[in-house]
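Fold the following.
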Amino acid sequence: MVSAADRAKIIRPGQTYVGQQGFTYQAGVSRGTVGETSVCMNVLPMPPGAKAKAHYHKDIDTIAYLLEGRCSVYYGDQFEHRVEMVQGEQMFMPRDVPHAPVNDSGAPCTWIVVHSSGDDQDDIIMTPHLDALLPKF
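The predicted structure is shown next:
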């Protein structure tokens with residue numbers, strides 16, 4: 001039997017993957033890296049002008065911490081909400097709410113993103129009809 005202490009793992013920088021949202025993520029704790037099934041955390045660097053493809057996570061909550069920079073988040077059924085976030089702020093995005101971060105700041109920003117699932121690509125639902133509501137760069 002494997003003890004809880006034996007399950008402890010370090011995730012070293014350098015592992016990346018491309019998500020359906022249109023970004024290259026720095027892999028963190030997830031089902032794929034440590035076998036975790038109930039929570040995951042990844043790093044999302046966003047260059048200036050980058051924007052996610054509109055999406056939501058079915059039955060999965062999201063917490064996003066803006067580690068550096070400034071970035072906007074569009075959210076709601078018709079992206080009727082927009083919040084501008086600055087370094088050090090966190091946002092809770094409830095399950096099933098369409099959203100898309102957009103780096104409209106002119107400088108890089110970096111997010112730490114946590115989901116209540118073992119992988120941030122679990123049950124992701126793309127909402128392409130909302131992409132037209134995001135700013136053009």
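
Would you map the helices across the chain?
Listed in chain order, the helices of the chain (DSSP state H) span 31-34.

Pick out the residue nearest the middle of it.
The centre of the chain sits closest to Val113, judged by C-alpha atoms, centre = their mean, with a distance of 4.6 Å.

Need the pLDDT of it.
According to the per-residue confidence, Val113 scores 97 in pLDDT.

quick one, what contacts it?
In this structure, Val113 makes contact with Met41, Asn42, Val43, Leu44, Thr62, Ile63, Ala64, Tyr65, Asp120, judged by C-beta atoms under 8 Å, 6 or more residues apart in numbering. All C-beta atoms are positioned from the backbone trio N, CA, C, and that covers glycine.

Out of those residues, which end up buried?
Under a neighbour-count criterion of 16 or more other C-beta atoms under 10 Å, the subset of these counted as buried comprises Met41, Asn42, Val43, Leu44, Thr62, Ala64, Tyr65, Asp120.

and Gly22, what pLDDT?
Gly22 carries a pLDDT value of 93.

Determine the number of other residues adjacent to the closest residue in space to it that isn't next to it in sequence.
Computed as C-beta to C-beta, 6 or more residues apart in numbering, the closest residue to Gly22 that is not its neighbour in sequence is Lys53, at 4.6 Å. Number of residues near Lys53 (other C-beta atoms under 10 Å) recorded here: 17.

what do you get for the one 3 residues further on?
By other C-beta under 10 Å, 23 other residues sit near Tyr56.

wait, isn't it in contact with Pro94?
No: the criterion here is C-beta atoms under 8 Å, and Tyr56 misses it with Pro94 at 9.5 Å.

List the residues that contact the residue nearest to Ala27 when sequence neighbours are not counted.
In space, not counting the residues next to it along the chain, Ala27 is nearest to Gln15; the distance is 3.9 Å by C-beta to C-beta, 6+ apart. Contact analysis of Gln15 by C-beta under 8 Å, 6+ apart lists Gln26, Ala27, Thr33.
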